[in-house]
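**Student:** All I have is the shape, not the residue letters:
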């Protein structure tokens, strides 16, 4: 039987004019644009010095894991459905798009994007392409699954199997425990 | 300078950055994102620490370049936006210098840095000081051996491009990278402020 998602993320925004800093729930945030995101993504993909895609994904994974773990604790969220509802809202709060967790368990899961900042930003800047670019979301999903199921980071592998940037109407990710 | 910096920051820092029903934030002719500063800092810090000394300058250039291009396009979006027209444009009496001062007030409103222009030779040189910026957060103890405010370097160069680099080119083929920026001081290096010197490329 489907579970109704009603839990909402609590968001307290502040701007400190003395430091010129934005915070959400006490954590420093900053506004950037799709140009910056696209160029970081391109940098990660083209980086011959090391595995930039992994580096970018892991940076997103660590960030999502840390934030979600803190939110689950602050809002006393113990149920998987509540945690997933809040994670989907956090993804949208960050401006990354519309994320829908299709199914999730401790060992595997499936996730879809109905809209994507990374993909649509890339298309707006450079047009469509034939390979996925959403390393940031792969990392976010890995961090999300780890936080939701109480596991450490690097517990999950995420593969993007269908992509908005390649012309699909939605992006799709498959998740499996390592 | 006719720009009322405090008024600009007060007005533009309260902009509604809530996403639409798709989870996207379209504004200023771009898609905006709002992410924890740790995400950007983590990637830049790990990249520059892991590439090794031979590739460090190349990695730094890539990070600065990302910000330069972002600053050029988003900066143009900002100075042609409705918010700019309603809040900042009425204060501009000496363009493009006032536009630059206004842009740095927006800089603060977006949470990029508490920064101001301390020297401006129109069309030639600009010196910016930043008294608080998130890129310095990578150091919590001691001082780095080289500055790490790649985003600020890129944005400072881009804003001079917009002011003195000719007409805006949405394709990015001309107009951009007519200026370059060097970071001469950094809070992350133990200085009281970050300093950014922009000159013709």
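**Tutor:** That came in fine, so what should we check first? Only a predicted model underlies this, so the values are computations on that prediction, with no experimental measurement involved.
**Student:** from here on, contacts and neighbour counts on C-alpha atoms
**Tutor:** Fine.
**Student:** For chain B, give the helix that spans the most residues.
**Tutor:** In chain B, taking DSSP state H as the definition, the longest helix is helix B:56-79.
**Student:** what's that helix packed up against?
**Tutor:** Packing contacts for helix B:56-79, counted by 3 or more C-alpha pairs under 8 Å, 6 or more residues apart in numbering or on different chains; DSSP states H and E, involve helix A:34-46, helix B:37-50, helix B:97-109, helix B:150-164.
**Student:** For residue B:20, which of the ones you listed is the nearest?
**Tutor:** helix A:34-46 (15.6 Å; C-alpha to C-alpha).
**Student:** rewinding a little: contact partners of the longest helix of chain B?
**Tutor:** With contact meaning C-alpha atoms under 8 Å, 6 or more residues apart in numbering or on different chains, helix B:56-79 is reached by A:33-36, A:39-40, A:43, B:28-30, B:44, B:47-49, B:51, B:84-85, B:99, B:103, B:150-159, B:161-162, B:168, B:170, B:172, B:176-177.
**Student:** Give me the buried subset of those residues.
**Tutor:** The neighbour count (16 or more other C-alpha atoms under 10 Å in any protein chain shown) marks A:33-36, A:39-40, A:43, B:28, B:30, B:44, B:47-48, B:51, B:84, B:99, B:103, B:150-159, B:161-162, B:168, B:176-177 as buried among those.
**Student:** Spatially nearest residue to residue B:133, not counting backbone neighbours?
**Tutor:** residue B:113 (4.3 Å; C-alpha to C-alpha, 6 or more residues apart in numbering or on different chains).
**Student:** got the contact list for the spatially most central residue of chain B?
**Tutor:** The residue lying closest to the centre of chain B (C-alpha atoms, centre = their mean) is residue B:155, at 3.1 Å. By C-alpha under 8 Å, 6+ apart, the residues touching residue B:155 are B:67, B:68, B:69, B:70, B:71, B:72.
**Student:** need the least confident one among the helices and strands packed on helix B:56-79, by mean pLDDT.
**Tutor:** Sorting these by mean pLDDT places helix B:97-109 lowest, at a mean of 87.
**Student:** Quick one: name whatever helix or strand follows it.
**Tutor:** Sequence-wise, the next helix or strand downstream of helix B:97-109 (DSSP states H and E) is strand B:113-121.
**Student:** Neighbouring strands - and their directions - for that following strand?
**Tutor:** Strand pairing for strand B:113-121, determined by DSSP bridges: strand B:125-133 (antiparallel).
**Student:** Secondary structure class of residue A:28, three-state.
**Tutor:** Following DSSP: H, G, I helix; E, B strand; the rest coil, we place residue A:28 in the strand state.
**Student:** Okay, it and chain B: tell me how far apart.
**Tutor:** According to C-alpha to the nearest C-alpha, to the nearest Å, residue A:28 and chain B sit 6 Å apart.
**Student:** mean confidence for the next helix-or-strand element following the longest helix of chain B?
**Tutor:** The helix or strand immediately downstream of helix B:56-79 is helix B:82-87, counting by DSSP H and E. Here helix B:82-87 scores 86 as its mean pLDDT.
**Student:** what does stretch A:81-89 give?
**Tutor:** Averaged over stretch A:81-89, pLDDT sits at 97.
**Student:** List of residues touching that stretch?
**Tutor:** With C-alpha under 8 Å, 6+ apart as the test, stretch A:81-89 has contacts from A:3, A:5-9, A:68, A:72, A:77, A:98-101, A:144, A:148.
**Student:** List buried residues within those.
**Tutor:** A:9, A:68, A:72, A:77, A:98, A:99, A:100, A:101, A:144, A:148.
**Student:** need the contact list for the residue positioned nearest the centre of chain A.
**Tutor:** Using C-alpha atoms, centre = their mean, the residue of chain A that lies closest to the mean C-alpha position is residue A:140, 3.2 Å off. By C-alpha under 8 Å, 6+ apart, residue A:140 lies in contact with A:57, A:60, A:61, A:63, A:64, A:65.
**Student:** filter these down to the ones near chain B?
**Tutor:** The subset of those within reach of chain B, by C-alpha under 8 Å from any C-alpha of the partner chain, is A:60, A:63.
**Student:** Endpoint to endpoint, stretch B:180-194 covers what distance?
**Tutor:** Stretch B:180-194 has an end-to-end distance of 16 Å (C-alpha to C-alpha, to the nearest Å).
**Student:** Off-centre distance for it?
**Tutor:** Distance of stretch B:180-194 from its chain centroid, counting by C-alpha atoms, centre = their mean, to the nearest Å, is 14 Å.
**Student:** Ok, stretch B:90-106 next?
**Tutor:** With C-alpha atoms, centre = their mean, you get 15 Å for stretch B:90-106.
**Student:** Repeat that for stretch A:12-30.
**Tutor:** Distance, centroid of stretch A:12-30 to centroid of chain: 21 Å (C-alpha atoms, centre = their mean).
**Student:** do the same with stretch A:150-169
**Tutor:** That offset, for stretch A:150-169, works out to 9 Å (C-alpha atoms, centre = their mean).
**Student:** what do you get for stretch A:121-134?
**Tutor:** 17 Å.
**Student:** Is any residue of it near chain B?
**Tutor:** Yes - using C-alpha under 8 Å from any C-alpha, stretch A:121-134 reaches chain B at residue A:121.
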